[in-house]
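Participant: Sequence unavailable; structure follows:
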């Protein structure tokens with residue numbers, strides 16, 4: 001009788017553990033995410049890399065641009081940051097089908113913004129606008145043709161959002177190089 005009770009107790013504990021694991025597994029499985037949630041998460045990712053890198057460079061180095069080797073005519077650090085922000089605004093405006101709320105200076109950003117604080121604010125505001133833009137994308141409008149902000153023809157909101165996510169990473173590599181040339185370890189590498 002004792003063996004049977006222990007066996008039943010063991011079976012009950014095993015069943016309890018199996019059910020518990022099943023419930024935990026169901027809770028851990030990813031929930032259905034919308035297109036805009038996935039895109040917004042990706043914007044947050046690039047923003048989390050790019051903004052701290054922009055903040056890491058001291059203001060007196062914002063005019064820095066490499067000059068030796070094959071670096072002739074490249075953008076300064078400040079110009080890199082302003083360019084990314086301006087393109088964020090252009091792409092966000094295209095996705096929302098509206099005029100961007102800030103001066104984009106033909107992809108260079110406003111010439112009037114020169115201090116580090118103003119440039120970083122312009123950058124942060126551009127990411128806030130990009131978050132707003134990607135949150136407007138859904139399964140109904142993601143591939144519909146809209147005006148391409150960079151030339152003739154049309155683009156899709158989804159395609160522009162992907163460009164908005166990948167473009168800052170292109171410049172992030174350059175910004176990291178500029179930081180390291182000034183003996184600054186990029187925040188993401190610390």
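Facilitator: Yes, it's here. The structure presented is a predicted model; accordingly, all values stated were derived computationally and were not measured.

Participant: Let me see the contact set for residue 49.
Facilitator: 168, 169, 172, 188 (CB atoms under 8 Å, 6 or more residues apart in numbering). C-beta: built from backbone N, CA, C; applies to glycine.

Participant: I'd like the next helix or strand past the worst-scoring helix or strand of the chain on mean pLDDT.
Facilitator: Using mean pLDDT, DSSP states H and E, helix 2-28 stands out as the lowest-scoring helix or strand of the chain, at a mean of 43. Downstream of helix 2-28, the first helix or strand assigned by DSSP states H and E is helix 35-56.

Participant: Distance-wise, check residue 124 relative to residue 47.
Facilitator: 8 Å (CB to CB, to the nearest Å).

Participant: Who has more neighbours out of those two?
Facilitator: residue 47 (20 against 15; other CB atoms under 10 Å).

Participant: Just confirm the more buried one contacts residue 127, I think it does.
Facilitator: Yes: taking CB atoms under 8 Å as the definition, residue 47 is a contact partner of residue 127 at 4.5 Å.

Participant: hmm, back to that, now the contacts of residue 49: which count as buried?
Facilitator: Neighbour counting with 16 or more other CB atoms under 10 Å marks 168, 172 as buried within the contacts of residue 49.

Participant: Among the contacts of residue 49, which one sits closest to residue 85?
Facilitator: Closest approach to residue 85 among those (CB to CB): residue 168, at 9.2 Å.

Participant: Need the pLDDT of the closest one.
Facilitator: Listed pLDDT for residue 168 reads 98.

Participant: Quickly find the element holding it.
Facilitator: helix 157-181.

Participant: Buried residues in that helix, which are they?
Facilitator: Neighbour-count burial for helix 157-181 [16+ other CB under 10 Å]: 157-161, 163-165, 167-168, 171-172, 174-176, 178-179.

Participant: Next: stretch 138-152.
Facilitator: 146, 149.

Participant: Kindly check the end-to-end length of stretch 102-118 for me.
Facilitator: 13 Å (CA to CA, to the nearest Å).

Participant: Rounded mean pLDDT for that stretch, please.
Facilitator: 97.

Participant: any low-confidence regions in this structure?
Facilitator: Low-confidence segments of the chain (pLDDT under 70): 1-30.

Participant: got the contact list for the residue lying closest to residue 74 once chain neighbours are set aside?
Facilitator: Spatial nearest neighbour of residue 74, chain neighbours left out: residue 65 (5.4 Å); criterion: CB to CB, 6 or more residues apart in numbering. Applying CB under 8 Å, 6+ apart to residue 65 gives the contacts 71, 74, 75, 76, 77, 79, 178.

Participant: ok, now which ones touch the first one?
Facilitator: Same thing as residue 71. residue 65.

Participant: roughly how far apart are it and residue 177?
Facilitator: For residue 71 relative to residue 177 (CB to CB), the value is 9 Å.

Participant: and what of the second one?
Facilitator: Plainly put, residue 74 is 10 Å away from residue 177 if you go by CB to CB.
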